[in-house]
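A.B. asks: Just the structure for this:
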Amino acid sequence: MAAGDVPDTVPVPAEMESPAIELIRSPNDRHHVTLLSTRYSSRCRIDAPEDRAITFDQLTEVLSYALSACDRWQDLSTSEIQPLTSHGLDHYDVVNWILRPVSEANKGSFVEMVATCIQEPEYYLSHYFGQPVGDILQCVRHHLRTRHFSDDTPYWIWAYAHRYGQDDVLPDRIYSSPAWQAMSKSRGILLALGNSSVPLSRTWCLLEITLAMERRQAMDIAACSPEGVKLLTEHLTEVERKTEHQNPGAGFKQKSQREQTFPAEILLAALDIGLERSDASSKLDRNRILYKLLEERGVEIGSVPLHRLLEKMNIKLRAFFASMLWFPVLETESGKLQRTRTALADCIRANAARDCIELSFCASRIDDAHMAALARSMHKHLALVDLNFCMCPHITAKGMEDVAKCLPAKLRTLRLNFKLCSGIGQGGVDALSNSLPAGLTSLHLNLACNSEIRSLASLCRGIRSVQSLKFLDLDLSVVEYLSDKSLLALAEMLNDLCSLKHFLLLLKGCKSITDSGVVAILEGLPPVTLLKLDFAFCNISDESIESLANRVKSMPDLCVMHISFHGCQNISEASVGHLVQVLPSSLKGAKLNLCETPLPLTIQKHCRRLVTMRAWMPFKPFVSAVKEVPGPGQDVPGGTEKGLTLRSLDLFVRRGLVQTTAGKARLQARPGPPEAKALKALSAGRDRDLWQRASEEEERRLRRTFSEPYQRPLKALLPKVVHRAKGSDIASMAHPECMFSRPRTTHGGFSEPVWCP
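C.D. replies: Model prediction:
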């Protein structure tokens with residue numbers, strides 16, 4: 001060995017390791033490459049880079065190996081001879097010591113060494129190479145658990161999908177790069193911050209976020225805190241969405257509880273993002289990426305300074321992070337500062353290109369100070385405002401008034417949720433009513449469970465002034481002081497809304513409401529195409545249902561109807577039957593909620609869907625005095641006896657004692673010898689005798705089975721008769737609902753319908 005040569009493998013100083021181990025100085029060391037080739041060899045060739053995602057199991061395996069073996073690798077970031085440590089191992093080290101040697105030796109990406117087939121990405125992972133790999137692994141693991149994904153869920157990560165030495169590090173065209181193609185196949189983006197805000201200052205990370213925003217993909221942000229990894233999501237998770245669907249407000253509450261402890265201070269740096277000030281491996285690389293992005297977006301560069309060219313993108317990035325940050329910052333000391341509230345509002349307001357604001361503060365500590373800042377964030381070009389303040393008890397009428405006064409005049413859609421906001425009172429409702437924009441076309445207002453609301457007069461006056469309103473959704477559930485007088489004002493308002501097409505009114509649990517108020521609402525209702533009314537647990541009777549039937553009968557364009565009479569104890573089967581009979585033919589979907597009412601369970605089930613409602617034809621029960629069981633060709637009696645007779649007929653058809661219409665046709669069409677007529681006549685006489693004997697026996701057995709407590713009118717018995725008599729003469733007598741019964745095998749060995757008393 002020459003005097004100036006340095007061996008690739010040297011012993012670690014004794015004071016550093018005991019016992020001493022050999023330190024590998026170079027990733028190209030022959031023994032190191034041989035070991036990696038033995039461990040990772042080419043298994044599958046994947047030509048499309050966007051299909052080279054890596055599963056969590058595969059990622060865990062390679063990073064666990066790196067963490068266990070890194071103490072034998074030289075730290076290449078320093079000129080001193082010292083090994084890497086597990087807590088300082090980052091993806092720069094993983095690339096140098098594992099990914100690049102494996103890729104160059106096998107002429108493929110690392111994913112192709114561990115995958116057996118193409119692995120399309122479920123999520124795109126954006127991270128900074130200098131973050132500890134342990135933090136990245138924790139962020140991905142927590143994301144899997146929160147989203148309820150399995151461990152074989154694939155994430156697209158550039159370092160593992162890249163073919164080192166073959167693919168270009170910086171693509172020629174960003175909008176056709178592997179990263180862009182992978183995003184197009186991903187469900188969303190996971191930004192792994194770890195325990196610092198450094199990724200928010202890296203050019204490539206900001207570029208990935210910008211591309212994700214252009215694609216309108218959902219963004220999840222994971223960060224490490226002393227309590228563990230926390231996840232901030234742009235939307236509800238799948239589990240939270242299902243919970244929200246089953247119980248409105250519960251899903252957003254779960255999301256709020258999950259995000260309350262997110263380390264918001266890490267994200268505060270995002271309020272001052274500047275792409276032109278971001279860091280890359282070199283200033284040349286940064287400028288090359290940014291200018292290429294501007295060129296592909298059609299921006300004329302000329303002599304304009306870079307920061308001016310990037311200002312619009314910077315504004316969008318700041319506004320996005322301000323929207324994500326506002327909720328978790330409420331729980332921090334920084335959130336109590338005026339400058340923080342002002343910075344959040346200014347970032348959102350500056351994004352005039354975005355015409356909507358959608359924020360959820362459900363179950364938070366938001367107060368009037370933040371409400372004032374929120375009002376400041378609304379610019380005049382907004383077309384949609386969606387604010388969720390459900391279960392926010394610290395909001396008062398003052399905060400509601402501040403927001404109402406700043407609603408822009410050009411607003412088209414307004415969604416406000418003040419459910420369980422006990423502090424707004426009647427004053428907050430009046431303030432909102434006086435500030436509704438005249439150009440609104442859609443209004444969604446949730447004031448449920450606010451016991452201080454005593455009158456709807458001002459609200460009705462405000463809504464009446466909005467003549468362009470086409471969609472009105474009012475949730476006034478469990479508002480204790482609402483009475484029929486309040487509904488009279490609502491009826492007068494509806495009578496003036498000539499352009500209204502969709503109307504949703506929820507009065508669940510308003511026990512002071514009676515038939516007079518409901519009838520007034522229905523009489524004032526204009527012709528609509530979508531109608532949803534919730535009268536659950538209201539003190540109403542058949543009068544309200546009859547009024548509803550008369551109203552929907554005169555709505556030729558009604559397409560969707562959802563009515564809830566849940567818990568109403570004073571309604572009858574006759575009124576519901578009349579409502580079902582007069583449903584307009586224009587309906588495409590309908591549902592009647594009759595749970596916890598006196599109506600039979602069979603009717604409750606049929607009224608859950610339009611198809612079964614139309615199949616169900618209610619009729620009045622009647623009782624016949626006829627006691628005889630008819631023979632073939634005779635009329636079938638009515639009442640309870642009709643049910644018993646039909647059951648006998650069904651059994652006789654099964655046993656071949658009664659010839660069906662189809663069977664008769666087949667028999668008549670069948671050719672035969674001349675003596676067939678004589679045989680047929682003889683057979684008919686024998687069948688009549690057999691019919692008489694069997695019918696008497698069956699009637700006695702049925703009467704023993706259905707004793708006095710079970711003898712019900714035809715309406716209760718007929719739906720359970722003739723389960724499998726399709727195609728027979730008696731099948732036409734059975735109602736379509738009978739097909740819902742479940743057959744069982746009897747002692748005779750054949751299937752009978754189940755009779756449910």
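A.B. asks: Tell me how far Ile189 lies from Asp515.
C.D. replies: Per CB to CB, to the nearest Å, Ile189 is found 54 Å from Asp515. Every C-beta, even on glycine, is put in place using the N, C-alpha and C of the backbone.
A.B. asks: Of those two, which one has the most company?
C.D. replies: Set Ile189 next to Asp515 and count neighbours by other CB atoms under 10 Å: Ile189 wins out with 23 against 19.
A.B. asks: Can you tell me the centre-most residue of the protein?
C.D. replies: The centroid of the chain falls nearest to Arg241 when counting by CA atoms, centre = their mean (4.2 Å).
A.B. asks: Next, the buried residues of the helix or strand hosting Thr243.
C.D. replies: Assigned by DSSP states H and E, Thr243 belongs to helix 238-246. If you call a residue buried by 16 or more other CB atoms under 10 Å, then helix 238-246 has these buried ones: Glu240, Thr243, Glu244.
A.B. asks: Nearest to Arg277 among the residues you listed?
C.D. replies: Glu240 (36.5 Å; CB to CB).
A.B. asks: re earlier: hmm, the residue nearest to the centre of the chain is touching Phe252, no?
C.D. replies: No: taking contacts as CB atoms under 8 Å, Arg241 lies outside contact range of Phe252: 10.0 Å.
A.B. asks: Outline the domain layout of this protein.
C.D. replies: 482-615, 639-752 (automatic domain parsing).
A.B. asks: Averaging pLDDT over each of these, report the lowest-scoring one.
C.D. replies: Ranked by mean pLDDT, the domains of the chain end with domain 639-752 at the bottom, a mean of 45.
A.B. asks: Would you map the helices across the stretch 1-150 of the chain?
C.D. replies: Ranges of helices within the stretch 1-150 of the chain are 30-39, 56-69, 91-94, 100-106, 111-114, 133-147, based on DSSP state H, counting those that start in this stretch.
A.B. asks: want to throw those into TSV with mean neighbour count?
C.D. replies: Below are the helices of the stretch 1-150 of the chain laid out as TSV (neighbours: other CB atoms under 10 Å):
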stretch	mean neighbour count
helix 30-39	14
helix 56-69	17
helix 91-94	20
helix 100-106	20
helix 111-114	24
helix 133-147	20
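A.B. asks: Out of these, flag the one nearest Val466.
C.D. replies: helix 133-147 (40.4 Å).
A.B. asks: Going by neighbour count, which residues in the following helix or strand past that closest one are buried?
C.D. replies: Elements were assigned by DSSP H and E; along the chain past helix 133-147, the next helix or strand is strand 154-156. Neighbour counts over strand 154-156 (16+ other CB under 10 Å) mark Pro154, Tyr155, Trp156 as buried.
A.B. asks: same thing with stretch 300-320?
C.D. replies: By neighbour count on 16+ other CB under 10 Å, the buried set for stretch 300-320 is Leu306, Leu309, Leu310, Met313, Asn314, Ile315, Lys316, Leu317, Arg318, Ala319, Phe320.
A.B. asks: what does stretch 337-354 give?
C.D. replies: Quick answer for stretch 337-354 (16+ other CB under 10 Å): Thr340, Arg341, Ala343, Leu344, Ala345, Asp346, Cys347, Ile348, Arg349, Ala350, Asn351, Arg354.
A.B. asks: cool, and stretch 493-512?
C.D. replies: Applying 16+ other CB under 10 Å to stretch 493-512 flags 493-494, 497, 500-510 as buried.
A.B. asks: and what of stretch 180-188?
C.D. replies: Trp180, Gln181, Ala182, Met183, Lys185, Ser186, Gly188.
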